[in-house]
Structure formats: structure tokens, C-alpha cells
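**Student:** Let's see this in three dimensions:
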Amino acid sequence: MGYALLKLLHLGSVVIWIGGMFFALFCLRPAAATLEPQVRVPFMAKVLGGFFSIVLWLALAAIASGVAMVVWVAQTARSTGAPFNMPADWMAMAALGLLMLAIFGHIRFALYKRLQRAVTAQDWKAGGAAITEIRFWVGANLSLGALIIVIVVLGAAT
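**Tutor:** Residues are numbered from 1 along each chain as shown. The predicted model follows:
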């Protein structure tokens, strides 16, 4: 039961994070693009600020639950006298997940700060440029998340 709850926390965190990125790129951004810059830029800053606050907790939950699951499986294997060798798909998931976390850190703590400064200064051009950079890196993270899903599903099938 404990392992299943960890897996639920892990999967739930990832689903919300990846789903939020998909929504932001393919639904929110096109709709917001119809707004004038002086409305669009503060609106996107507000929406992204809320989303990034949630993603910070989701990413931490995904990392913590992932580590806990690996430790759980390793301890279970050791308690039976069996060796523990982390599967390649788990290693790929961990490495790419950490890369996603690093990219998110760049988005949240560098690019989003740039967007906030532009909104404060009412510099809509700089704000638009920050949003464009954020969009690029969110797209990169969405692609990595999709790749992780492919790796894990195909890895589980073998």
C-alpha cells in the first residue's frame, strides 16, 4: 500500500505538471495572444506565477516520491537477499526528470523574474520577449516529459 501511494503521488504530480504545460502552450497562449500587450503581459505573468508556484511543489513531490520508490525497491530487494540493479528506464526517467527540474528552475527563477520586472516597469516589449523565452523552455520541458513517458511505457513493456 505504501509503495502504491508513493507511485500515485509521483504519477499525479507528473500528470498535473505535464498537463499544465500542454494547456499553457496549446490553449492559454493562443487565446492570450489575442489580447493587447498591456493586458496580455500582466495577465500571463499572473497566470504563470500561480502555475509556477504549484509546479515547484509538484516537482519536489515527484523527486521525493521517485527517490522514495527507488529506496523502497532497493531495500525490499536487499531484505530478500537479492541484488538491486536500477532498471535503465528508471535511470533515464531520473536523469531526464532532474533535467526538467533544472529547466524549470531557470524558467521560474530567471525568466519569470525577468517577466515580473517588465510588468513592474510596464515594458510590454521586454515582457513579451520574456514570455517567448518561457514558452520555448516550457516546450522543451513538455518534450522531455513526453519522452520520459515513452521511455517508461516502452521500458515496462519489455
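**Student:** Spatially nearest residue to the residue nearest the centre of the chain, not counting backbone neighbours?
**Tutor:** Nearest residue to the geometric centre of the chain (Cα atoms, centre = their mean): Trp17, 4.9 Å. For Trp17, ignoring the flanking residues on the chain, the nearest one in space by Cβ to Cβ, 6 or more residues apart in numbering is Leu58 at 4.7 Å. Every C-beta, even on glycine, is put in place using the N, C-alpha and C of the backbone.
**Student:** secondary structure element for the closest residue to Ile131 other than its chain neighbours?
**Tutor:** Closest residue to Ile131 apart from its sequence neighbours, by Cβ to Cβ, 6+ apart: Met44 at 5.4 Å. Assigned by DSSP states H and E, Met44 belongs to helix 37-79.
**Student:** What mean pLDDT does that helix get?
**Tutor:** Helix 37-79 carries an average pLDDT of 97.
**Student:** Does anything pack onto it? Which helices or strands?
**Tutor:** Applying 3 or more Cβ pairs under 8 Å, 6 or more residues apart in numbering; DSSP states H and E, one finds that helix 37-79 contacts helix 2-23, helix 29-32, helix 88-106, helix 112-121, helix 124-157.
**Student:** how far off helix 88-106 does that helix point, in degrees?
**Tutor:** Counting by axes from the mean of the first three to the mean of the last three Cα atoms, to 10 degrees, helix 37-79 lies at 150 degrees to helix 88-106.
**Student:** so how far is helix 37-79 from its chain's centroid?
**Tutor:** Here helix 37-79 is found 6 Å from its chain centre; the criterion is Cα atoms, centre = their mean, to the nearest Å.
**Student:** Then stretch 151-158?
**Tutor:** So, by Cα atoms, centre = their mean, the centroid of stretch 151-158 is 21 Å from its chain's centroid.
**Student:** list the buried ones in it?
**Tutor:** Ile151, Val152 (16 or more other Cβ atoms under 10 Å).
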